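>>> what would the 3D arrangement of this be:
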Amino acid sequence: MKNNLLANRLGILFLVLLNVGCDQISKEVVREKVVPREYIELIDNHFILTNVENTGAMMGFGDSFPPYLKILLLQLLPVLVLFVLLFRILQKTNLNQWLVVAFAFVIGGGIGNLIDRIAYGSVTDFFQIRLGFFRTGIFNMADVSVTSGVLLLLFLSLKHKKLAF
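So this is what the prediction gives:
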């Protein structure tokens, strides 16, 4: 029983660190290889690679906040929330495995963007998708992790009316 619990906890930490690692490696490559604001069409005009530093949150939210408010809302509060989430999923022993995966993706992506905010004062974003009327903002792999985790959480909550957390 104890070995199984340890294996589960290590698996959760591995998933979180895998998400953080993919995010940080991709951002480092972009910082080193792509000139800021360069516009590289990877697939016609549908999948674009660029290098943009976002000093706010999603879609630049909070960009013009005073520095103390940015630190509070974009660094300290997320650290607290992510720590509580990670502690909760490590503490619980009876969680649905897909729920654990979803939370690990959210936590890993959140940590990836937090590392940038704390280390650089901004988050490196570099992908954009344009498919007809569908256009995304510029995003990174941490955003993909968080979005994937949230979508999985939404799917699970619709599929299973009662999930224990």
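>>> and residue 76, how far from residue 83?
Going from residue 76 to residue 83 by Cβ to Cβ, to the nearest Å gives 11 Å. The C-beta positions use only the backbone N, C-alpha and C, and glycine is treated the same way.
>>> please apply the same query to residue 141.
21 Å.
>>> longest helix in this protein, please.
helix 2-33 (DSSP state H).
>>> contacts for whatever helix or strand comes next after it, please.
Of the helices and strands lying after helix 2-33 in sequence (DSSP states H and E), the nearest is strand 40-43. Strand 40-43 has contacts (Cβ atoms under 8 Å, 6 or more residues apart in numbering) with 34, 47, 48, 49, 50.
>>> so what touches the lowest-mean-pLDDT helix or strand in the chain?
Here the helix or strand of the chain ranked lowest by mean pLDDT, DSSP states H and E is helix 67-71, holding a mean of 87. The contact list for helix 67-71, computed with Cβ under 8 Å, 6+ apart, reads 55, 56, 62.
>>> export only the CA atoms of that helix, formatted as CSV.
Taking Å, rounded to 0.1, in the frame of the first residue of the first chain, the C-alpha atoms of helix 67-71 are listed here in CSV:
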residue,chain,number,x,y,z
PRO,A,67,4.4,46.6,-9.9
TYR,A,68,3.2,45.7,-6.4
LEU,A,69,-0.2,44.6,-7.7
LYS,A,70,1.5,42.5,-10.5
ILE,A,71,3.7,40.8,-7.9
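>>> that helix: which residues count as buried?
By neighbour count on 16 or more other Cβ atoms under 10 Å, the buried set for helix 67-71 is residue 70.
>>> cool, and stretch 137-154?
For stretch 137-154, using 16+ other Cβ under 10 Å, the buried residues are 138-149, 152-153.
>>> do stretch 113-123 as well
Quick answer for stretch 113-123 (16+ other Cβ under 10 Å): 113, 114, 115, 116, 117, 123.
>>> over to stretch 52-61?
Per 16+ other Cβ under 10 Å, stretch 52-61 contains these buried residues: 52, 54, 55, 56, 57.
>>> residue 8 versus the third one, what's the distance?
It stands for residue 55. 38 Å.
>>> how about the most centrally placed residue in the chain, nearest residue that isn't a chain neighbour?
Among the residues of the chain, the one closest to the centroid is residue 109, at 2.1 Å (Cα atoms, centre = their mean). Leaving aside its chain neighbours, residue 109 sits nearest to residue 145 (3.1 Å; criterion: Cβ to Cβ, 6 or more residues apart in numbering).
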